[in-house]
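**Student:** Dropping the sequence and predicted coords here.
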Amino acid sequence: MGFTRPNIIRPPSEWKSYFLPLTSGCSNNTCTFCGYYGSKLQIRPVDDVKREIDALALFTRRGMWLGDVPEVVYAVAQGWNGKRIFLQDGDALVYPFPALKEILQYLSDKLPSIERIGTYATPQDILRRSSHELKELRELKLGIFYTGLETGDDELLDKIGKGVNSDDMIEAGRRVKEAGISSSVTVILGLGGVEGSQRHALETSRVLTGIDPDYAGALTLTLVPGTPLYDEWQRGDFHPLTPFQSLEELKSMIENSSFTDCFFSSMHASNYLSVRGRLPQDRARMLGELDKVLAKRDPALLRPEFLRGL
């Protein structure tokens, strides 16, 4: 069976990037809330990746199209500024290390205008690599990892099948920082449900403080059909937060996390309210914005359900 090109799923900040698949699916396919649950990981052959890079280089330099290259390559390339690459899919860092270095070097040789390469990276992926190996990747322009923390609550991490604990999360973040790679960490508001809300918020703040990432983003839980958490909700065993309860979690995380200099945002389309700023510098303003909405409890101030999305 040949490699199946994945749909484009990427961080909001990578919207100007070219999306280059190295894998399809996710190696950590046990997270009970995630659309990748039960997915089969595929590793794309190196020669196939190089063929796409060759086609991309030919198009950007001469405007030439090759007939045997998927149309999506050119659809994405036409809006690309030539500066950033995002490696797909759910955890492209799982790609075999020597082959990953080979591809990163090939990208640099064929497209020298590239300034930064990014990828999703699970904590497991990061912990498989030594500090020296991570630095090698940084030298090859792999400059940012996007990692799903989801929660800092060890009981909840175990329950959702994340495969790591909070100490692993903090250690992975430390290694990324030591290698000089930027880290962007996401948390999921509402993941603990009503009963676990307070612990989820406080423990997540603790781990965010331990990681001290360059960027942190909050998403709001979206229940995805076909996942165990969705089934749990359908049975009445999981009790989701109300929109305003999710904002209370967000407020708690901003209040209780301590950062050196982190750009924190809830700009993702899944959220009911967007706040953004640098922490700790903008903490008072961000909390003030949340307090105003929480005081009024007016649904008209929130993003409507039909506009929320993954």
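**Tutor:** Yes, it's here. Numbers count the residues shown, from 1 in each chain.

**Student:** List the buried residues for stretch 288-304?
**Tutor:** 289-290, 293-294, 302-303 (16 or more other CB atoms under 10 Å). Bear in mind the C-beta positions are built from the backbone N, C-alpha and C, glycine included.

**Student:** need the next SSE after the host helix or strand of residue 126, C-terminal direction.
**Tutor:** Using DSSP states H and E, the element containing residue 126 is helix 123-128. Using DSSP H and E, the helix or strand that directly follows helix 123-128 along the chain is helix 131-139.

**Student:** Mind giving me the packing neighbours of that next one?
**Tutor:** Using 3 or more CB pairs under 8 Å, 6 or more residues apart in numbering; DSSP states H and E, the elements in contact with helix 131-139 are helix 97-110, helix 166-178.

**Student:** can you give me the strands for this structure?
**Tutor:** 18-21, 23-24, 42-43, 84-88, 116-120, 142-150, 182-189, 215-220, 262-265, 276-279 (DSSP state E).

**Student:** what residues does the helix holding residue 126 touch?
**Tutor:** By CB atoms under 8 Å, 6 or more residues apart in numbering, the list of residues contacting helix 123-128 from outside reads 27-28, 91, 93-94, 134, 145, 147, 163-164, 168-169, 171-172, 175-176.

**Student:** And the furthest pair within those?
**Tutor:** Within these, two members stand farthest from each other by CB to CB: 134 and 163, at 19.8 Å.

**Student:** Who has more neighbours out of these two?
**Tutor:** The neighbour comparison of residue 134 against residue 163 (other CB atoms under 10 Å) goes to residue 134, with 22 against 16.

**Student:** that older thread, identify, out of the helices and strands packed on helix 131-139, the most deeply packed stretch.
**Tutor:** Of the helices and strands packed on helix 131-139, the one with the most neighbours on average (mean count of other CB atoms under 10 Å) is helix 166-178, at a mean of 20.

**Student:** packing partners for that helix?
**Tutor:** Contacts defined by 3+ CB pairs under 8 Å, 6+ apart place helix 166-178 against helix 123-128, helix 131-139, strand 142-150, strand 182-189, helix 197-211.

**Student:** If we use 6 Å, what do you get?
**Tutor:** On a contact count with 3 or more CB pairs under 6 Å, 6 or more residues apart in numbering; DSSP states H and E, helix 166-178 meets helix 123-128, helix 197-211.

**Student:** what's next to the longest one, contact-wise?
**Tutor:** It stands for helix 197-211. Contact with helix 197-211 is made by 151-153, 166, 169-170, 173, 185, 187, 192, 249, 252-253, 256-258, as judged by CB atoms under 6 Å, 6 or more residues apart in numbering.
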